[in-house]
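A.B. asks: Below are the sequence and a predicted model; questions follow.
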Amino acid sequence: MKLDEDIYEKTDDGYRYKYNKLVRDKIPENIEKDPLKKCKYRILDEKEYLNELNKKVLEEANEFVEENSIEELGDLFEVINAIMNLKGYKTEDVQKTMETKAQKKGAFNKRIYLEYVDENKRNSEEEKELKKDFRK
């Protein structure tokens with residue numbers, strides 16, 4: 001959990017709320033429509049943009065998990081679309097890749113929940129996969 005001083009600070013004119021994150025294109029414009037608010041922002045270079053999109057996709061995925069709403073799913077798709085545009089991925093190519101993987105490994109339609117796998121020897125590749133932070 002973030003501490004209050006990580007979120008805001010008292011200024012001479014009021015309070016400064018710290019976001020330090022990628023936001024939708026019209027957010028600064030909408031903030032500055034309120035005469036009692038002002039904001040500071042900058043345009044990211046391509047490397048920073050991809051890094052922030054990667055953070056944003058996790059943020060939006062977590063928000064979707066919390067709410068399971070169509071709005072949050074739309075936000076997640078928006079970020080995925082931005083990543084696709086940045087990387088030059090076409091929807092058809094992503095779809096084809098999904099279909100190829102589904103043919104090889106299946107999709108997620110049968111609701112299969114894998115509890116464990118017994119093996120007769122240690123599998124370092126599988127251990128590496130299972131240790132990834134996002135799997136915890």
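C.D. replies: Alright, I've got the coordinates. Residues are numbered from 1 along each chain as shown.
A.B. asks: in this protein, which ranges drop under the pLDDT threshold?
C.D. replies: 1, 136 (pLDDT under 70).
A.B. asks: residue closest to the middle of this protein?
C.D. replies: V57 (1.1 Å; C-alpha atoms, centre = their mean).
A.B. asks: Tell me the helix or strand right after the strand or helix carrying that one.
C.D. replies: Using DSSP states H and E, V57 sits within helix 46-67. Proceeding N to C from helix 46-67, the next assigned helix or strand is helix 70-87, under DSSP H and E.
A.B. asks: what helices or strands is that following helix leaning on?
C.D. replies: Packing contacts for helix 70-87, counted by 3 or more C-beta pairs under 8 Å, 6 or more residues apart in numbering; DSSP states H and E, involve helix 46-67. The C-beta positions use only the backbone N, C-alpha and C, and glycine is treated the same way.
A.B. asks: ok, back up a step: so the residue nearest to the centre of the chain versus K131, what's the distance?
C.D. replies: 21 Å (C-beta to C-beta, to the nearest Å).
A.B. asks: got the contact list for E32?
C.D. replies: K38, C39 (C-beta atoms under 8 Å, 6 or more residues apart in numbering).
A.B. asks: most remote residue from the protein's center?
C.D. replies: N120 (37.6 Å).
A.B. asks: what about that one, which SS state?
C.D. replies: When classified by DSSP: H, G, I helix; E, B strand; the rest coil, N120 comes out as coil.
A.B. asks: separation between it and V94?
C.D. replies: In terms of C-beta to C-beta, N120 sits 38 Å off from V94.
A.B. asks: isn't L44 right next to K21, touching?
C.D. replies: No - with contact defined as C-beta atoms under 8 Å, L44 does not reach K21; the gap is 10.9 Å.
A.B. asks: I'd like to know how far D75 sits from K90.
C.D. replies: For D75, the distance to K90 - C-beta to C-beta - is 22 Å.
A.B. asks: Show residues contacting stretch 65-76.
C.D. replies: V57, E60, A61, E63, F64.
A.B. asks: overlap in contacts of L44 and K21?
C.D. replies: Joint contacts of L44 and K21 (C-beta under 8 Å, 6+ apart) are E52.
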